[in-house]
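1. This is a predicted model, with the sequence first.
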Amino acid sequence: MVTMPVWLRALDRKLIRDLWAMKGQSLAIASVIAAGVAMFVMYLSNFDSLQRTRAAYYDSARFADVFASLKRAPSSLEPYRGNEFYKTAEEFVWALAGALREEYEAIVNAGFLLQVDDAWTAALWDRIGVQMGLAAFKKRCFTRVEALNHALRNVPEDRIRYHFCWGSWHGPHAFDLPMSDLVDVMLAVKAKFYSFEAANVRHEHEYHLWEHVALPPGKVILPGVVTHSTDLIEHPELVSERIQRFARLVGPDRVIASADCGFGGRTHPQIAWAKLRSLSEGAALASAALS
């Protein structure tokens with residue numbers, strides 16, 4: 001029994017009794033509010049940190065621009081994470097997209113370009129897609145692109161890079177779905193820049209698809225011209241040839257030379273830097289050849 005001072009009014013005493021009777025519910029509501037405030041404070045802290053990082057980077061490197069890579073697209077957060085609260089996998093993906101939207105916008109509002117990495121949309125083909133069939137698998141992919149685009153709805157298209165790959169692990173990749181079956185999925189993502197694998201032996205030949213696929217106006221491709229999949233250092237002349245193939249098909253001003261995937265955890269740092277040096281030298285050769 002809760003004892004109360006006699007000077008409290010009857011309504012005040014009733015309110016205190018009611019709150020005490022609902023102390024469990026009140027504590028739960030207070031906890032939710034506290035969690036929301038904490039998340040908002042974390043968001044503001046991340047935003048401030050990104051702004052200070054950008055300023056420091058510009059001062060030290062004197063680069064005209066910089067991008068922040070966010071791992072990952074909603075479809076690449078979905079695997080290996082159990083859905084314990086949502087009725088369907090689609091509801092789960094849309095919830096992930098809603099959470100990621102805050103980070104996407106914080107990165108761009110801080111002045112960075114946003115790179116969204118998506119290593120699972122294509123890579124799930126040999127795990128779940130073969131049994132589903134191509135039509136059903138692509139429907140699944142487009143559903144996840146729709147969720148990603150919703151998360152990107154407030155981000156200007158020219159501030160977005162989308163990295164699309166078949167997973168960077170070292171393996172045979174014998175059952176990678178061809179780029180020709182997925183290029184429409186990639187181009188459906190709201191982005192100006194599209195990065196994809198094009199330097200490894202499984203996908204290098206696929207530059208031919210741009211002979212009959214029209215790159216939409218205003219879009220830019222970032223094909224891989226050096227790869228993490230081998231420790232052999234690409235010759236600059238080979239890098240130049242790879243760049244020129246794409247430039248002749250979509251236009252030199254719509255191609256940025258890139259790497260297939262990230263080198264971290266896959267390639268020794270000395271080899272990675274040597275590959276990037278070869279990329280730079282090859283790009284210079286290609287620019288001279290195309291000018």
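-> Looks like it came in fine. Because the structure is a prediction, the values reported are computed rather than measured. Numbering: from 1, shown residues only.

2. if I look at the residue lying closest to L177 once chain neighbours are set aside, how far off is D117?
-> Leaving aside its sequence neighbours, L177 sits nearest to W125 (Cβ to Cβ, 6 or more residues apart in numbering; 4.2 Å). All C-beta spots, glycine's among them, are computed from the backbone N, C-alpha and C. Distance, W125 to D117, by Cβ to Cβ, to the nearest Å: 18 Å.

3. So for stretch 208-218, what gets flagged as buried?
-> By neighbour count on 16 or more other Cβ atoms under 10 Å, the buried set for stretch 208-218 is W210, L215.

4. show me where the stretch 1-150 of the chain has helices.
-> In the stretch 1-150 of the chain, the segments counted as helices under DSSP state H, counting those that start in this stretch are 10-21, 23-61, 74-77, 89-109, 130-132, 134-151.

5. most packed of those helices?
-> Greatest average neighbour count among these goes to helix 74-77 (a mean of 22), per mean count of other Cβ atoms under 10 Å.

6. The residue nearest to E105 when sequence neighbours are not counted: how many residues sit nearby?
-> Nearest non-adjacent residue to E105, counting by Cβ to Cβ, 6+ apart: N154, 5.6 Å away. For N154, the neighbour count with other Cβ atoms under 10 Å is 10.

7. How about the one 3 residues further on?
-> Other residues within reach of E157, judged by other Cβ under 10 Å, total 13.

8. Same check on the one 4 residues further on?
-> R161 has 20 neighbours, counted by other Cβ under 10 Å.

9. can you list the residues that contact the helix or strand hosting it?
-> Take DSSP states H and E as the rule and R161 turns out to sit in strand 160-164. For strand 160-164, contacts defined as Cβ atoms under 8 Å, 6 or more residues apart in numbering pick out 67, 69, 73, 113-119, 121-122, 152, 182, 186, 189-196, 222, 261.

10. Check those for burial and list the buried ones.
-> With burial judged by 16+ other Cβ under 10 Å, the buried subset of the contacts of strand 160-164 is 73, 113-119, 121-122, 152, 182, 186, 189-196, 222, 261.

11. and these, which of them are in strands?
-> Those of these mapping onto strands are L113, L114, Q115, V116, D117, D118, F193, Y194, S195, F196, L222, per DSSP state E.

12. Closest to E78 out of those residues?
-> The closest of those to E78 turns out to be D118 (Cβ to Cβ; 10.9 Å).

13. Thanks a lot, see you next time.
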